[in-house]
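> Return a 3D structure for these sequence lines:
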Amino acid sequence: MKKIRVGIFGATGYAGLNIFRILSNHPFVDLKYLSSHSNSGESYKKLFPSFNTDLVLGPTVPEVAEDLDACFIALPAGETSKFVINLIKANNNIIVIDLGADFRFKEKEIYEKTYNIKHNCPEILKESVYGLPEINREKIKTAKIIGNPGCYPTSVLLGLYPIIVNFKESIENIIADSKSGVSGAGRKIAKDYLFCEINESVKPYAARFHRHQPEMNEQIKLISSKAPDLIFTPHLIPMQRGILSTIYVFFKENLPAEETIKELYYEKYKNEMFIRVLDSDLPSTAMVKSSNLCAINICKTSDKTLKIFSAIDNLIKGASGQAVQNLNIIFDFPENLSLTNLPEVI
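The predicted model follows:
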């Protein structure tokens with residue numbers, strides 16, 4: 001099989017670093033270009049000695065698209081939609097997988113309100129596909145622009161999906177409580193993420209509003225227009241990576257037995273190689289560390305109340321691994337190619 005030529009724009013952040021690491025083992029990918037705004041001109045290996053590569057970081061310029069079949073973009077919100085316009089002009093056939101927020105929404109008004117910036121290419125936004133493979137695989141296969149889901153939405157939506165599909169009109173309220181490792185904030189220096197500020201402490205943040213909440217609500221409404229808006233609170237926890245979401249779903253009517261509900265999960269995810277519906281254990285971040293897996297279990301606590309537990313690695317299934325999963329689907333590679341590493345259990 002012929003190799004595809006791939007670039008990573010924004011290759012020095014945590015998402016870009018993990019995409020490089022994953023693709024380094026991909027037999028059908030030729031990594032051709034890496035860009036960085038702050039480190040252009042520097043050797044990638046010099047900055048990150050664990051990577052054995054001769055590639056030198058270049059500027060984030062669209063002209064290089066002429067020599068690429070696909071690219072990953074890990075730029076701040078608002079920057080990608082500016083960049084993609086000229087990227088597509090340089091190569092109308094290029095596949096774009098955006099790890100930022102610019103192509104996650106179907107409605108530009110929701111995006112603009114959420115991020116308080118104007119979307120630069122709403123006509124391209126209309127063509128984009130939300131890259132959650134377990135829900136949108138068929139659409140992803142023919143997509144040219146992928147909006148890679150956020151980390152919190154990935155954990156919450158995968159946990160909720162069988163419930164939203166099967167109990168569309170009987171859900172009264174949904175509350176999601178998510179705890180994330182510090183890498184979810186990105187590779188930056190800020191007081192709130194210093195070791196002494198986060199160690200031995202857990203705290204909620206963005207309690208009134210988090211930017212992933214409208215993303216989750218839009219996707220839930222696409223599954224069922226009658227579903228209620230989700231209430232969401234994220235927490236920062238003193239570990240490097242991982243997300244654990246506990247989702248509380250309240251129903252208008254009595255639920256069937258827990259075993260019956262569990263069967264809905266087994267049935268929905270029976271062919272999904274990255275979803276682990278657990279028989280008895282509850283999910284933990286250790287179960288999925290450094291892997292593209294999502295571990296899920298449920299617990300019926302009353303006739304009208306269900307708890308859902310969902311764990312992912314925020315940098316892999318919540319970002320880079322899922323992005324590579326989308327690449328594999330688009331180019332008709334085995335979906336798990338370069339993504340088969342087992343979790344680091346200790």
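> What count of nearby residues applies to residue 271?
If you count neighbours by other CB atoms under 10 Å, residue 271 ends up with 8. Just so you know, the C-beta spots here come from the backbone N, C-alpha and C atoms, and that holds for glycine as well.
> Check whether it sits in a helix, strand or coil.
coil (DSSP: H, G, I helix; E, B strand; the rest coil).
> State the distance from it to residue 133.
Distance, residue 271 to residue 133, by CB to CB, to the nearest Å: 12 Å.
> before we move on, what about residue 166?
Here the distance between residue 166 and residue 133 works out to 20 Å (CB to CB).
> Name the residue in the two with the higher neighbour count.
Each of residue 166 and residue 133 has its neighbours counted (other CB under 10 Å); residue 133 has more, 19 against 15.
> show me the contacts for the closest residue to that one other than its chain neighbours.
Leaving aside its sequence neighbours, residue 133 sits nearest to residue 325 (CB to CB, 6 or more residues apart in numbering; 5.5 Å). Residue 325 is in contact with 133, 274, 292, 335, 336, 339, counting by CB atoms under 8 Å, 6 or more residues apart in numbering.
> of those residues, closest to residue 321?
residue 292 (3.6 Å; CB to CB).
> which ones are touching the closest one?
Counted by CB under 8 Å, 6+ apart, residue 292 has contacts 274, 313, 316, 317, 321, 322, 324, 325, 336, 339.
> Name every strand pairing with the one helix or strand residue 276 maps to and say which way it goes.
Here residue 276 sits within strand 275-277, counting by DSSP states H and E. As defined by DSSP bridges, the strand partners of strand 275-277 come to strand 294-302 (parallel).
> Please state the offset of the strand it pairs with from the chain centre?
Averaged C-alpha coordinates place strand 294-302 at 21 Å from its chain's average position (CA atoms, centre = their mean, to the nearest Å).
> Does residue 107 touch residue 218 like I think?
Yes. Here residue 107 reaches residue 218: they are 6.9 Å apart, a contact under CB atoms under 8 Å.
> The two: who's more crowded?
Set residue 107 next to residue 218 and count neighbours by other CB under 10 Å: residue 218 wins out with 18 against 14.
> Do you have the strands of the stretch 1-150 of the chain handy? List them.
4-9, 29-35, 70-73, 95-98, 129-130, 145-147 (DSSP state E, counting those that start in this stretch).
> Let me have these in JSON lines, extended by mean pLDDT, mean neighbour count and distance to residue 117.
As requested, those are exported to JSON lines (pLDDT from 0 to 100; neighbours: other CB atoms under 10 Å; distance: least, CB to CB, whole Å):
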{"stretch": "strand 4-9", "mean pLDDT": "98", "mean neighbour count": "24", "distance to residue 117": "19"}
{"stretch": "strand 29-35", "mean pLDDT": "97", "mean neighbour count": "20", "distance to residue 117": "21"}
{"stretch": "strand 70-73", "mean pLDDT": "98", "mean neighbour count": "25", "distance to residue 117": "16"}
{"stretch": "strand 95-98", "mean pLDDT": "98", "mean neighbour count": "24", "distance to residue 117": "15"}
{"stretch": "strand 129-130", "mean pLDDT": "98", "mean neighbour count": "22", "distance to residue 117": "20"}
{"stretch": "strand 145-147", "mean pLDDT": "98", "mean neighbour count": "26", "distance to residue 117": "16"}
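> Among those, which comes closest to residue 260?
Using CB to CB, the nearest of the strands of the stretch 1-150 of the chain to residue 260 is strand 129-130, at 29.3 Å.
> nearest to residue 246, of the strands of the stretch 1-150 of the chain?
Per CB to CB, nearest to residue 246 of the strands of the stretch 1-150 of the chain: strand 129-130, 23.5 Å.
> So which other helices or strands are in contact with that closest one?
helix 133-141, strand 145-147 (3 or more CB pairs under 8 Å, 6 or more residues apart in numbering; DSSP states H and E).
> partner residues bridging the nearest residue to residue 3 once chain neighbours are set aside?
Leaving aside its sequence neighbours, residue 3 sits nearest to residue 30 (CB to CB, 6+ apart; 4.4 Å). On the basis of DSSP bridges, residue 30 is bridged to residue 5.
> how about low-confidence regions in the chain?
187-189, 346 (pLDDT under 70).
> Going by the annotation, which residue ranges form each domain of it?
4-127, 152-313 (automatic domain parsing).
> Show me the two of the contacts of residue 292 that sit farthest apart.
313 and 336 (15.2 Å).
> Who has more neighbours out of those two?
residue 313 (29 against 13).
> surely that one meets residue 242?
Yes. Residue 313 is in contact with residue 242 according to CB under 8 Å; the separation is 5.8 Å.
> tell me, what's touching those two both at once?
Common neighbours of residue 313 and residue 242 (CB under 8 Å, 6+ apart) are 285, 288, 289.
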